[in-house]
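Novice: 3D, please:
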Amino acid sequence: MRSEVKVWDIWVRLFHWLLVGLILFSWLSAELGGNWMIWHTQAGFITAGLIIFRLIWGFWGSWSARFTAFVKTPKQVLRYIKGEDSNEYLTHNPLGALGVLGLIALVSAQVLTGLFSNDDIFIEGPLASLVSYDTSLAITEIHETIFNLLVAVVCVHLAGVLFHQKFKKEPLIQAMLHGRKPKPAATNAPAPELKTPTLALLIALAAGVGLSFWLFSI
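Specialist: Just a heads-up that it's a prediction; the model follows:
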């Protein structure tokens, strides 16, 4: 049995599971409609704060949270897709990293369009007044389209996780719960020490919480 190393810090794991919960709640509240749309909008405010936190943490956070630790070049992604890459990855594999970026981009676009959208009844985003009524309705349609794309990407992401979990015996789900992964057999080098940069954490938390509170206040 291979030894395990700590890969994902608590902040990456909290971001992951909070985002899962918020996406599910946003979908459910939109389906229910009516007064649930108030909660739908507020979930978007919290999601905006989460995304800002993750972006900051992706540049100045712990080593495995940084985009430079797992984002690969298009050539490396293509080699992985073709099966020409047999490496074991301690963080995300090249295709998984692309999925992470895609999810962050789509959720960011979903939140941004939501700020300018309205349901044509009584709920509108906090920034909808900055654009014309017709523009707001057009953005609302884009908001719905982006969500459909997001659902598709989430389904692909889940399929990939289950494939690696069952057939490649990679405990990806467990790793996102307790933060540990088996050490790749091909290397004897120790994994970088998982440290939490205190200043980066404070800035990321302040930015995320601050943005959410600002959206709640307008």
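Novice: Got phi/psi on Ser117?
Specialist: As for Ser117, its main-chain torsions (degrees, to the nearest 10) stand at phi -90, psi 170.
Novice: contacting residues for the nearest residue to it once chain neighbours are set aside?
Specialist: The shortest distance from Ser117 to any residue that is not its chain neighbour, by C-beta to C-beta, 6 or more residues apart in numbering, is 3.8 Å, and that residue is Thr140. All C-beta atoms are positioned from the backbone trio N, CA, C, and that covers glycine. Counting by C-beta atoms under 8 Å, 6 or more residues apart in numbering, Thr140 makes contact with 113, 117-120.
Novice: how far away is Thr140 from Val111?
Specialist: Using C-beta to C-beta, to the nearest Å, Thr140 is found at 14 Å from Val111.
Novice: got it, and Ile104?
Specialist: Distance, Ile104 to Val111, by C-beta to C-beta: 11 Å.
Novice: pull the longest helix from the protein.
Specialist: Among all segments of the chain classified by DSSP state H, the helix with the greatest residue count is helix 133-166.
Novice: Could you name the helices and strands sitting against whichever helix or strand comes after that helix?
Specialist: On the C-terminal side of helix 133-166, the closest following helix or strand by DSSP states H and E is helix 172-178. For helix 172-178, the elements it packs on are helix 10-32, helix 133-166, judged by 3 or more C-beta pairs under 8 Å, 6 or more residues apart in numbering; DSSP states H and E.
Novice: what's the closest of the ones you listed to Ile218?
Specialist: Across the helices and strands packed on helix 172-178, the minimum distance to Ile218, taken as C-beta to C-beta, is reached by helix 133-166, at 15.6 Å.
Novice: Any chance of the helices and strands packed on helix 172-178 in a markdown table with mean pLDDT and distance to Ser62 as columns?
Specialist: As requested, the helices and strands packed on helix 172-178 are arranged in a markdown table below (pLDDT from 0 to 100; distance: least, C-beta to C-beta, whole Å):
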| stretch | mean pLDDT | distance to Ser62 |
| --- | --- | --- |
| helix 10-32 | 96 | 8 |
| helix 133-166 | 94 | 22 |
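Novice: Include distance to Leu201 when you put those helices into CSV, please.
Specialist: Supplementary listing: the helices and strands packed on helix 172-178 in CSV, determined by distance: least, C-beta to C-beta, whole Å:
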stretch, distance to Leu201
helix 10-32, 7
helix 133-166, 26
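Novice: Select, out of the ones you listed, the one closest to Lys82.
Specialist: Ranking the helices and strands packed on helix 172-178 by their distance to Lys82 (criterion: C-beta to C-beta) puts helix 133-166 first, at 16.0 Å.
Novice: and the closest one, how far out from the chain's middle?
Specialist: Taking C-alpha atoms, centre = their mean, to the nearest Å, the mean C-alpha location of helix 133-166 is offset from the chain mean by 12 Å.
Novice: for stretch 124-136, same thing?
Specialist: In terms of C-alpha atoms, centre = their mean, the gap separating the centre of stretch 124-136 from the centre of its chain is 26 Å.
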